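Asker: need coordinates for the below:
(one chain, ligands or ions: 1)
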Amino acid sequence: MTSSESGPKECKVIQEEELTRGKWLYLSNHHWTDHTGKERIWEVVGRTTKGPQDQDCVAVVAIVSRSGHPDAMVLIKQFRPPLKSYTIEMPAGLVDNGETIETAALRELKEETGYSGSITGIGRNVSLDPGMSSATMKIVTVKVNGDDAVNKDVSRVCGVQGEHIEVILVPLNSIQKCLMDFAADGLIIDSRVEAFALGFALTSEKII
Ligand SMILES: Nc1nc(=O)[nH]c2c1ncn2[C@H]1C[C@H](O)[C@@H](COP(=O)(O)OP(=O)(O)O)O1
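Answerer: As a prediction, the model looks like this:
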């Protein structure tokens with residue numbers, strides 16, 4: 001029986017060969033065998049910061065409810081050197097060594113937006129860029145009571161360790177229009193935000 005008659009083989013990585021390492025990232029060749037059993041090489045970027053926890057990072061879908069206002073999603077605008085551009089993203093960041101996903105989510109939300117909230121859901125383990133990077137993350141949903149004293153006077157500009165982050169509240173009922181305006185202004189929309197907005201529009205039966 002030939003290999004094609006026996007069906008596809010299970011693909012697997014057989015060796016990780018590190019090529020170079022920086023402070024935050026490393027580049028490796030992953031030697032792997034494909035569905036025919038042939039050995040191949042894939043170039044992979046990994047994060048040096050990954051500790052024993054399962055995920056490299058966390059992203060936060062934070063929805064603010066305030067009396068007299070429609071519910072809004074907390075988004076952030078910041079400059080991203082890899083893209084040479086400002087971006088619109090969800091609050092997100094690296095999970096610190098030994099930190100739980102829950103703690104990381106609430107910490108990043110506070111550091112990057114000033115908001116405090118409570119967790120309403122924790123997503124699955126997901127990939128950020130499966131063709132390029134080994135990094136994985138979870139999306140945590142958080143509800144924020146905008147009328148609560150702790151959230152009343154949050155600053156429009158946040159961030160720690162040199163970050164300069166502009167906080168933007170985008171009403172859910174006009175999220176597609178807002179993203180279109182940001183893109184028209186030359187901002188790059190994070191794919192997680194775009195996917196959230198598309199899903200929201202589809203479930204609301206409003207594509208734009
Ligand atoms: N790839 C990176 N290169 C850097 O030069 N610096 C980096 C990289 N990735 C993260 N960082 C730095 C920038 C921040 O000071 C810290 C924490 O970032 P965090 O807020 O956790 O994550 P992001 O929001 O994704 O930047 O790490």
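Asker: give me the contacts around the helix or strand bottoming out on mean pLDDT in the chain.
Answerer: Lowest mean confidence among the helices and strands of the chain (mean pLDDT, DSSP states H and E): strand 157-158, at a mean of 79. Contacts of strand 157-158 with the rest of the structure, by Cβ atoms under 8 Å, 6 or more residues apart in numbering, involve 76, 111-114, 164-167. Any C-beta I mention is one placed from the backbone N, CA and C, and that applies to glycine too.
Asker: would you map the helices across the protein?
Answerer: Remark: helices of the chain, listed N- to C-terminal, are 101-113, 175-184, 191-203; assignment by DSSP state H.
Asker: pick the most deeply packed of the ones you listed.
Answerer: Comparing these by mean neighbour count (mean count of other Cβ atoms under 10 Å), helix 101-113 ranks first with a mean of 21.
Asker: quick check: mean pLDDT of it?
Answerer: When pLDDT is averaged along helix 101-113, the result is 97.
Asker: contact residues of the protein facing the ligand?
Answerer: Counting by Cβ under 6 Å from any ligand atom, the residues of the chain lying close to the ligand are 24-25, 92-94, 161.
Asker: looking at strand pairing, list the partners for the residue of the chain found nearest the ligand.
Answerer: Each residue of the chain has a distance to the ligand, by Cβ to the nearest ligand atom, and the smallest belongs to G93, at 2.9 Å. On the basis of DSSP bridges, G93 takes part in beta bridges with V58.
Asker: returning to that earlier point: of the residues of the chain next to the ligand, just the buried ones, ChimeraX syntax please.
Answerer: The buried residues among the residues of the chain next to the ligand can be selected in ChimeraX (16 or more other Cβ atoms under 10 Å) with this line:
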select :92,93,94
